[in-house]
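A.B. asks: okay, sequence plus prediction incoming.
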Amino acid sequence: MWWILALGALAPSARLQSQQTGTPGLEVRAARFYRAATGQTFIDVFGRVPLVMVQALPSGAGAVSAAYRVTFTVRDSNHLALVTQSWSQVVPASLLSLQGSSTAEHITFAAQPGRYTVEMSVSDSATGRVTSTTADLTAYGTAPAASDLLLASAMRPGTDADTTVGTGEVRKGSTILTASGDEVLTPSRARLGCYLELYAVRAETVSVSMRVMREDSTQVVAIPVRPLPLASGGGVLQEMLDLSGLPPGHYRLVAAVTGKDSVITRSAAFRMAGFEAERSAAAVAPDRVRVPFDTMTETELDEAYAPLIYLMRSDEQGIYSSLTLEGKRSYLRRFWAQREPASGTGAMRAFYARIEDANRRFREGGASEIPGWRTDRGRVFIRYGEPDETMQRPQAGNTDPYEVWKYTRGRALKFVFMDLTRFGNYSLIYTNDRHENSRPDWESLLGAEALTDVERF
């Protein structure tokens, strides 16, 4: 059943090239954000995968037209692997046939001051061909004046209770952005979001000006100067700009923030596609996904129901299994209707996109394969979203591999997962979340050295 929902989730991440010469390769871009409380830099890494790099699977492979596996590895200056994340992605035939199309992949990690290398590799499922690229990054050694400028195709407010950050979305404080690191506008979708954190030492009101520049540094758009009050410690510049009428081409948005004693300038690139690219995308784009319960088989309905245990109220439990086929459909319709105040499908699609993310990132093997949403890491990911900080120890000496997740928005939460089998099956051994249980022997499982590492994190 998931291919319908996965198709809807994947389509917004597809990117069009307004110009294409030769064979494009993998691209890696990053945006850095500083946290004074810990002295760490939070780095969002975006990878672009041109779909000319993948080939269609044999026709007997079912509805999936193509697939690849992407792996991100972050290494420190000593070449020690600190973070490794890998998952599989499926590509519908409609995107394969679109010239210049690509998909966007994303990871985020926290880093102490220093230099790092990010390697991104993509393995084509049809041919086994592996393509890799690397990018060098620097985590801030001292507090910068501002973060990097992050562009987005959409922005929306989020709350501490908002756990529906979907595929292609990035959360920054109270703002949720749809970002790929390679934003492409079209004549009918010409709004560009920008997000910039400012780390002011004292409270003051600064002046903000923005310009859109061509590749040759010619200014084509000037956004009027406006004041922005900053509290002691800083603030955030976030805007949605209407760039309707901008001709096709490559551009750069430049933001300048002028204070009493300084001028801060940050910039980021984006592209404007033309009408031809927009028509091509519209021709292959899937229809707006409707609530699919009417056409699902009973097995598919059961699969759609199972993860809802994470959302259910007590009065909604213990009912579904005794219902008829039509009763199950009605139950699922009512369940989501109560969670869709605007009578849309946004919350449902975001939830199932989160399930898809958990399945591709946290699926575990062993005697019987466990889908990602049923694993401990998948459950926490679905409930709380991407952790704000992670520490991964895949090679932990005498201690089994472990990783630690921290959530700093709202009530601070920490989760410690350990691979007790050494086959990639991570179990939750400790947490301060009252909704989860810790193992009584978690400290002895970690050992003294790892315990100190976890407590300091």
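C.D. replies: Structure received. Keep in mind that this is a model prediction, so the values were computed, not measured.
A.B. asks: which SS class is L95?
C.D. replies: Of the three states, L95 takes helix according to DSSP: H, G, I helix; E, B strand; the rest coil.
A.B. asks: can you give me the pLDDT of it?
C.D. replies: On pLDDT, L95 comes in at 76.
A.B. asks: which one's the longest helix in the protein?
C.D. replies: Longest helix in the chain by number of residues (criterion: DSSP state H): helix 346-362.
A.B. asks: what separates it from the chain centre, distance-wise?
C.D. replies: In this view, helix 346-362 has its centroid 11 Å away from the chain centroid, taken as CA atoms, centre = their mean, to the nearest Å.
A.B. asks: next structured bit after that helix?
C.D. replies: The helix or strand immediately downstream of helix 346-362 is helix 376-384, counting by DSSP states H and E.
A.B. asks: show residues contacting that next one.
C.D. replies: Contact with helix 376-384 is made by 163, 307, 310, 351, 354-355, 357-359, 361-362, 371-373, 405, 407, 413, 415, 417, 426-428, 435-436, as judged by CB atoms under 8 Å, 6 or more residues apart in numbering. Quick note: C-beta positions are derived from backbone N, CA and C, even for glycine.
A.B. asks: please repeat the previous calculation with a cut-off of 6 Å.
C.D. replies: Where contact means CB atoms under 6 Å, 6 or more residues apart in numbering, the residues beyond helix 376-384 that reach it are T163, Y310, R354, A358, F362, G372, Y407, F415, F417, Y426, S427, L428.
A.B. asks: next, the second one: phi, psi?
C.D. replies: So that's Y310. phi -70, psi -20 (degrees, to the nearest 10).
A.B. asks: now L246: how far from S65?
C.D. replies: 33 Å (CB to CB, to the nearest Å).
A.B. asks: between those two, which is the more surrounded one?
C.D. replies: Legend: neighbour count by other CB atoms under 10 Å for L246 and S65, higher for S65 (20 against 17).
A.B. asks: show me where the protein has its helices.
C.D. replies: Assigned by DSSP H, the helices in the chain fall at 2-10, 93-96, 275-284, 298-305, 325-337, 346-362, 376-384, 442-456.
A.B. asks: now the first one: mean pLDDT?
C.D. replies: Confidence over helix 2-10 (mean pLDDT, whole number) is 29.
A.B. asks: please apply the same query to the last one.
C.D. replies: Along helix 442-456, the predicted local confidence has a mean pLDDT of 90.
A.B. asks: which secondary structure elements does it contact?
C.D. replies: Applying 3 or more CB pairs under 6 Å, 6 or more residues apart in numbering; DSSP states H and E, we find helix 442-456 packed against strand 426-431.
A.B. asks: kindly recompute the last result at 7 Å.
C.D. replies: Contacts defined by 3 or more CB pairs under 7 Å, 6 or more residues apart in numbering; DSSP states H and E place helix 442-456 against strand 402-407, strand 413-419, strand 426-431.
A.B. asks: adding mean neighbour count, write those strands out as a markdown table.
C.D. replies: Listed next are the helices and strands packed on helix 442-456 as a markdown table, based on neighbours: other CB atoms under 10 Å:
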| stretch | mean neighbour count |
| --- | --- |
| strand 402-407 | 20 |
| strand 413-419 | 22 |
| strand 426-431 | 21 |
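A.B. asks: could I get the contacting residues of E27?
C.D. replies: By CB atoms under 7 Å, 6 or more residues apart in numbering, the contact set of E27 is G47, R48, D182.
A.B. asks: can you redo those residues as a markdown table with distance to R29 and pLDDT?
C.D. replies: Putting these into a markdown table (distance: CB to CB, whole Å; pLDDT from 0 to 100) gives the following:
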| residue | distance to R29 | pLDDT |
| --- | --- | --- |
| G47 | 8 | 93 |
| R48 | 8 | 91 |
| D182 | 7 | 86 |
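A.B. asks: out of those residues, which sit inside strands?
C.D. replies: When DSSP state E is applied, those are split such that G47, R48 fall in strands.
A.B. asks: ok, the contacts of E27 vs Q85, which is closest?
C.D. replies: Set against Q85, the nearest of these by CB to CB is G47 (11.0 Å).
A.B. asks: ok, so what distance separates the closest one from F270?
C.D. replies: Taking CB to CB as the measure, G47 falls 17 Å from F270.
A.B. asks: same question, R377
C.D. replies: Distance, R377 to F270, by CB to CB: 34 Å.
A.B. asks: what does A200 give?
C.D. replies: The gap separating A200 from F270 is 27 Å, by CB to CB.
A.B. asks: follow-up on the earlier one: let's have the helices and strands packed on helix 442-456 in a markdown table, adding mean pLDDT and distance to P227.
C.D. replies: Below are the helices and strands packed on helix 442-456 laid out as a markdown table (pLDDT from 0 to 100; distance: least, CB to CB, whole Å):
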| stretch | mean pLDDT | distance to P227 |
| --- | --- | --- |
| strand 402-407 | 92 | 34 |
| strand 413-419 | 94 | 37 |
| strand 426-431 | 94 | 44 |
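A.B. asks: if we can go back for a sec, mark which of the contacts of E27 are buried, thanks.
C.D. replies: Neighbour counting with 16 or more other CB atoms under 10 Å marks G47, R48, D182 as buried within those.
A.B. asks: need the per-residue pLDDT for the spatially closest residue to the second one that is not a sequence neighbour.
C.D. replies: So the one you mean is R48. Residue nearest to R48 in three dimensions, not counting chain neighbours: E27, with 4.2 Å by CB to CB, 6 or more residues apart in numbering. According to the prediction, E27 has pLDDT 90.
A.B. asks: quick one: E27 from L311, how far?
C.D. replies: Between E27 and L311 the distance is 36 Å, computed by CB to CB.
A.B. asks: how about T265?
C.D. replies: As judged by CB to CB, T265 and L311 stand 44 Å apart.
A.B. asks: also S123?
C.D. replies: Going from S123 to L311 by CB to CB gives 34 Å.
A.B. asks: who's more crowded, those two?
C.D. replies: Using other CB under 10 Å as the criterion, S123 and L311 rank with S123 on top: 18 against 15.
A.B. asks: is the more buried one bridged to anything, and to what?
C.D. replies: Beta-bridge pairing of S123 under DSSP bridges involves R69, V130.
A.B. asks: next: F46.
C.D. replies: F46 forms beta bridges with R29, H106, as assigned by DSSP bridges.
A.B. asks: per-residue pLDDT, it?
C.D. replies: The model reports F46 with a pLDDT of 94.
A.B. asks: now do the contacts for it.
C.D. replies: Going by CB under 7 Å, 6+ apart, F46 touches R29, A104, H106, S180, G181, D182.
A.B. asks: so what's the residue count around K328?
C.D. replies: Using other CB under 10 Å, K328 has 21 neighbouring residues.
A.B. asks: that one and E300 touch, don't they?
C.D. replies: No. Contact status for K328 versus E300: not in contact, 10.2 Å apart, counting by CB atoms under 7 Å.
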